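Asker: What would the 3D arrangement of this be:
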Amino acid sequence: MRRIMFTYFTSDPSSKALCSPMLLSTFSHFSLFHMAANMYVLWSFSSSVVSLLGCEQFIAVYLSAGVISTFVSYVAKMATGKFEPSLGASGAIMTVLAAVCTKMPEAKLAIIFLPMFTFTAGNALKAIIAFDTAGLALGWRFFDHAAHLGGALFGMWYVTYGHELIWKNREPLVKAWHEMRTRNAGKGGGRSN
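Answerer: Residues are numbered from 1 along each chain as shown. This next block holds a predicted model:
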């Protein structure tokens with residue numbers, strides 16, 4: 001199992017498998033603590049982002065964010081020549097966090113073990129982007145700073161422009177898909193219900 005997990009559930013631009021790990025690494029974690037931290041942040045922001053986007057759009061954005069943040073990580077690794085494998089949902093979760101912080105910049109946030117210190121969502125997003133920019137520029141290796149930045153920038157872009165450009169214009173594609181399925185169902189090429 002270890003070889004399969006390493007090949008398909010960690011992202012590395014020098015790997016033989018390049019595309020499927022871009023999505024699958026989003027569902028892989030290094031340790032129970034790594035998974036718990038990511039899931040806590042996702043849980044904290046998911047109800048807000050689902051109320052903004054709806055369930056279907058949230059799933060589409062989250063899965064796209066996993067691929068996009070991994071792609072940004074690949075580009076940074078190729079540019080620096082540092083080919084360490086990455087895994088985890090933090091790039092996609094940064095998309096969720098950035099989307100909420102962009103849409104609700106005055107919302108009050110706190111750190112889990114320090115609830116007495118509050119700050120605005122807008123300031124939190126600025127601090128996270130500054131931290132990951134510094135980490136990327138200085139070559140820190142504890143986090144995949146490029147994936148975090150890619151996820152944050154995608155989240156900010158999506159709630160500002162992407163919803164209008166992509167989600168609201170999906171109807172012709174959905175209509176064509178349903179027509180194709182209906183046409184093929186009569187020929188025995190599709191499912192009929």
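Asker: for residue 41, what are its contacts?
Answerer: 93, 97 (C-beta atoms under 8 Å, 6 or more residues apart in numbering). Backbone N, C-alpha and C define where each C-beta goes, glycine included.
Asker: Can you read off the pLDDT for it?
Answerer: pLDDT for residue 41: 88.
Asker: again, but for residue 186
Answerer: In the prediction, the pLDDT value recorded for residue 186 is 63.
Asker: list the helices and strands the longest helix seen in the chain packs on?
Answerer: Of all the segments of type helix in the chain, defined by DSSP state H, the longest one is helix 55-80. Where contact means 3 or more C-beta pairs under 8 Å, 6 or more residues apart in numbering; DSSP states H and E, helix 55-80 is packed against helix 20-24, helix 32-53, helix 90-103, helix 145-157.
Asker: now those helices as a markdown table including distance to residue 68?
Answerer: Converted to a markdown table, the helices and strands packed on helix 55-80 look like this (distance: least, C-beta to C-beta, whole Å):
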| stretch | distance to residue 68 |
| --- | --- |
| helix 20-24 | 9 |
| helix 32-53 | 16 |
| helix 90-103 | 8 |
| helix 145-157 | 5 |
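Asker: before we move on, back to that, what angle separates the longest helix of the chain from helix 145-157?
Answerer: Taking axes from the mean of the first three to the mean of the last three C-alpha atoms, to 10 degrees, one finds helix 55-80 and helix 145-157 inclined to each other by 140 degrees.
Asker: Just want the angle from helix 55-80 to helix 32-53.
Answerer: Using the same axes, to 10 degrees, helix 55-80 lies at 130 degrees relative to helix 32-53.
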